[in-house]
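Peer 1: Sharing a sequence plus its predicted fold:
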Amino acid sequence: MRSTKRTYKDSLFRDIFNNVQRLPQIYESLEGEAVEVNDIKLTTIDEVFFDSEKNDVSFIVKNHHIILLEHQSTVNANMPLRILWYIAELYRQHVDPKLPYRSKIIALPAPKFYVLYNGRRQMPPRWQLRLSDAFGEHEGAMELIVEVININVDAGNNILARCTSLKAYSVFVARVRQSVREGKALNEAVPEAIQYCIANDYLAEYFKEKQEREVFDMVNFQWDADLALEVRAEEAREEGLSQGLSQGLSQGLSQGLSQGLSQGLENGLVISIRSMMEKLNLSMEKAMDVLQIPVAERAKYAALVKG
């Protein structure tokens, strides 16, 4: 067993969905196959590993499939790599360590990978992330595909109509965000959202059983981390783009306005990346995730940042 580097505090999503009673409906909404509770074995990794991270939810269905569900409030282009680590660990736990050295093939549950996104940025209802995007122009002998599903209530995704627990979670998050936008403190917004969900039968049993303080602590832990990063990253982005555009306007006087502005935007992103790395202690990849720089352009920006 690996030793932990810090105490991990569960998110609300992880607390709700690491419950085998809720997983048959999730599986059916994702895969279109009805299953029973007895068909499912929860396999979520309990110990902290790989840079103090856990996977959110994983489970095996009838020994045929292993499902990994990750919840994200920011777009992370490196999720296929993280999921590769998770599935390797899950297979390691699933298989007797002596069996891989025998000649007979080992039957493994086929993996399916999903990210459930409910961040503040406007994103399409569904898209894919591929491990091969990280290979650049080089061909590899490996692929891993992650289906990303937008579960925000305003995304128009029909998975929420098929899965009541996912819809309930999304409604709860939307109510909290709406209250905060209206000027309420989080410690007011969370109890109001809890009462709304109970009154409208959105995970009512769960919210009745939980203490308000416990729910608040789980929401506050994730909210503070996400919001702090988002606000500070936006400041760094605005600062970088402002400097870059200023430089671009100056360059535009001599080399043409269009070319100068284009160069200015590029310089602004480079400044933003450096600022996030220095002020927020983010890795270059994480900074580019926050700035949503396309995977195909990351090698160029990495070279510019280092140059």
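Peer 2: Happy to help now that I have it. Numbering: from 1, shown residues only.

Peer 1: Can you show me the helices along the stretch 151-300 of the chain?
Peer 2: Using DSSP state H, counting those that start in this stretch, the helices of the stretch 151-300 of the chain run over residues 159-162, 164-181, 186-199, 204-209, 212-255, 257-279, 284-290, 298-306.

Peer 1: rank these by mean pLDDT and give me the bottom one.
Peer 2: Ranked by mean pLDDT, these bottom out at helix 212-255, with a mean of 60.

Peer 1: How is the chain divided into domains?
Peer 2: As assigned by automatic domain parsing, the chain contains the domains 1-153, 163-210, 229-306.

Peer 1: distance of the nearest residue to residue 110 once chain neighbours are set aside from residue 38?
Peer 2: With sequence-adjacent residues excluded and distances taken as CB to CB, 6 or more residues apart in numbering, residue 110 is closest to residue 65, at 5.3 Å. Placement of C-beta: from N, CA and C, glycine included. Distance of residue 65 to residue 38, given as CB to CB, to the nearest Å: 15 Å.

Peer 1: quick one, which of the two is more surrounded?
Peer 2: Shown here are residue 65 and residue 38; by other CB atoms under 10 Å, residue 65 has more neighbours (17 against 9).

Peer 1: So that one is in contact with residue 108, correct?
Peer 2: No: under the criterion of CB atoms under 8 Å, residue 65 lies out of contact with residue 108, with a separation of 10.2 Å.

Peer 1: now the stretch 1-150 of the chain, which segments are flagged as low pLDDT?
Peer 2: Per-residue confidence of the stretch 1-150 of the chain (counting by pLDDT under 70) places the weak regions at 1-10, 47-53.

Peer 1: 50 instead?
Peer 2: Applying pLDDT under 50 to the stretch 1-150 of the chain flags residues 1-9, 48-51.

Peer 1: Would you map the helices across it?
Peer 2: If you assign secondary structure with DSSP H, counting those that start in this stretch, the helices in the stretch 1-150 of the chain sit at 12-17, 23-31, 79-94.

Peer 1: closest to residue 217 out of the domains of the chain?
Peer 2: Nearest of the domains of the chain to residue 217, taken as CB to CB: domain 1-153 at 7.6 Å.

Peer 1: And for residue 76, the neighbour number?
Peer 2: By other CB under 10 Å, 20 other residues sit near residue 76.

Peer 1: Once you drop chain neighbours, what's closest to it?
Peer 2: Among residues not flanking residue 76 along the chain, residue 289 sits closest, at 5.2 Å (CB to CB, 6+ apart).

Peer 1: Does residue 179 touch residue 191 like I think?
Peer 2: No: with contacts counted by CB under 8 Å, residue 179 stays clear of residue 191, the gap being 9.9 Å.

Peer 1: So which of these two has more stuff around it?
Peer 2: Set residue 179 next to residue 191 and count neighbours by other CB under 10 Å: residue 179 wins out with 19 against 15.

Peer 1: which residue sits closest to residue 194, ignoring its sequence neighbours?
Peer 2: Distances taken as CB to CB, 6+ apart place residue 207 nearest to residue 194, at 4.9 Å, with adjacent residues excluded.

Peer 1: now residue 21
Peer 2: Sequence neighbours aside, residue 37 is the residue nearest to residue 21 in space, at 6.1 Å (criterion: CB to CB, 6+ apart).
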